[in-house]
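[1] my questions concern the predicted model and sequence given below.
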Amino acid sequence: MSSFAYDVCNELVLDSIIERKNSSEPELAVRHLSKLNPETDILVFDRGYPSLWLFGLLKEKGFKFCFRLNSLWKDGVNLKDSLENDIDWAAKDPSKNTLKKVKEYGLPNKIDGLRLVTIKLSSGETEVLAVNLTDRDKYGVNDLKELYHLRWGVEEGYKSFKRVLCIEYFTGKTVLAIKQDYYARVCMMNMASMLKSQGLYEKGKELERKGQKVQPNKTQVLAKVKDFFIDLFNSNKTAKCLKAMLRILQKCFDIVRPDRSFPRHEMKTRRRHKIVNSRGI
């Protein structure tokens, strides 16, 4: 199992963990907290993370957070059926596993000071967010909708990690070999993100002058980082390699088309391996 603390604004992996497959996602998330800053970071979680003890632990450490609740939370389901879309909330969860964690971390059985907010999606689906951003003047419903939408950058990061960098293909079978491959690819992802954030080159500027917003092609940037990876750490060749990479990448741009969406087709039978029209580097 792999877990990222991912900066969705700068597309950087702030902290990464690879563990046994029977590890718990919330427990791995707690291990990331020491590398994050409660003064500047807002943590956004999907439906696999909400739990009473994690709400309490994050509040105790001073973090601001936003969770999407799943259908197991009755308060969220009831809010969907009501006319309200933004209420004050206190989280309660009497399950045995939750109470065990609450006692382990010395937390109360009830976490108050939270908000429940419903968001209507363009697909017709309603999502329920649990947040501790209680200042409604500063964090309105539309602000929270935009905040949770930013989490899609995490999915894009994992897609690049799995499909482009082919993380599941290891060069060895030992624990050390697997960790070396894993963290080397994390380093490559961050280097690629830093490289493509350095501004547009001549072709990009020309396209922007024509009114088309563009961005460097992520796959091409990753591919060139891999090609020049060793030379980038050679102090005698670093500047030369960077210039060569930029000359190649100035031809590799994608036009940004905001608000595009495609319907998700539900398959009647679950395939063991999905068919994708993409190749790794």
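    Happy to help now that I have it. Residues are numbered from 1 along each chain as shown.
[2] which SSE is residue 179 in?
    helix 175-196 (DSSP states H and E).
[3] go through that helix and flag the buried ones.
    Using 16 or more other C-beta atoms under 10 Å as the test for burial, helix 175-196 gives 181, 182, 185, 186, 188, 189, 190, 191, 192, 193, 195, 196. C-beta here means a position set from N, CA and C on the backbone, and glycine is covered the same way.
[4] can you tell me the SS state at the residue located most distally from the centre of the chain?
    Relative to the centre of the chain, the most outlying C-alpha is that of residue 236, 35.7 Å out, by C-alpha atoms, centre = their mean. Per DSSP: H, G, I helix; E, B strand; the rest coil, the secondary structure class of residue 236 is coil.
[5] hang on, residue 79 in a strand?
    No - read with three-state DSSP, residue 79 is helix and lies in no strand.
[6] now it: how far from residue 85?
    Separation of residue 79 from residue 85 (C-beta to C-beta, to the nearest Å): 8 Å.
[7] ditto for residue 45
    From residue 45 across to residue 85, the span is 20 Å (C-beta to C-beta).
[8] higher neighbour count, the two?
    residue 45 (22 against 15; other C-beta atoms under 10 Å).
[9] which stretches of the stretch 51-200 of the chain have low pLDDT?
    Low-confidence segments of the stretch 51-200 of the chain (pLDDT under 70): 94, 198-200.
[10] now do the helices in it.
    52-61, 74-81, 96-105, 141-149, 152-159, 175-196 (DSSP state H, counting those that start in this stretch).
[11] want to throw these into JSON lines with distance to residue 24?
    As requested, these are exported to JSON lines (distance: least, C-beta to C-beta, whole Å):
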{"stretch": "helix 52-61", "distance to residue 24": "10"}
{"stretch": "helix 74-81", "distance to residue 24": "21"}
{"stretch": "helix 96-105", "distance to residue 24": "10"}
{"stretch": "helix 141-149", "distance to residue 24": "22"}
{"stretch": "helix 152-159", "distance to residue 24": "18"}
{"stretch": "helix 175-196", "distance to residue 24": "19"}
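[12] where does the closest residue in space to residue 23 that isn't next to it in sequence land on pLDDT?
    In space, residue 23 comes closest to residue 1 once its chain neighbours are excluded; the distance is 4.7 Å by C-beta to C-beta, 6 or more residues apart in numbering. What the model reports as pLDDT for residue 1 is 90.
[13] next: residue 276.
    52.
[14] do residue 263 as well
    The predicted local confidence for residue 263 is 69.
[15] still on that earlier bit, show me how far the helix holding residue 179 is from its chain's centre.
    The chain centre lies 16 Å from the centre of helix 175-196; the measure is C-alpha atoms, centre = their mean, to the nearest Å.
[16] check stretch 232-251 too.
    Per C-alpha atoms, centre = their mean, the centroid offset for stretch 232-251 relative to its chain is 29 Å.
[17] kindly check the end-to-end length of it for me.
    21 Å (C-alpha to C-alpha, to the nearest Å).
[18] could I get the average pLDDT for that stretch?
    Averaging pLDDT along stretch 232-251 gives 78.
[19] please enumerate the strands of this protein.
    2-7, 12-18, 42-45, 64-68, 86-92, 110-120, 126-131, 214-216, 253-255 (DSSP state E).
[20] the helices of the stretch 51-200 of the chain: which one's closest to residue 14?
    helix 175-196 (9.2 Å; C-beta to C-beta).
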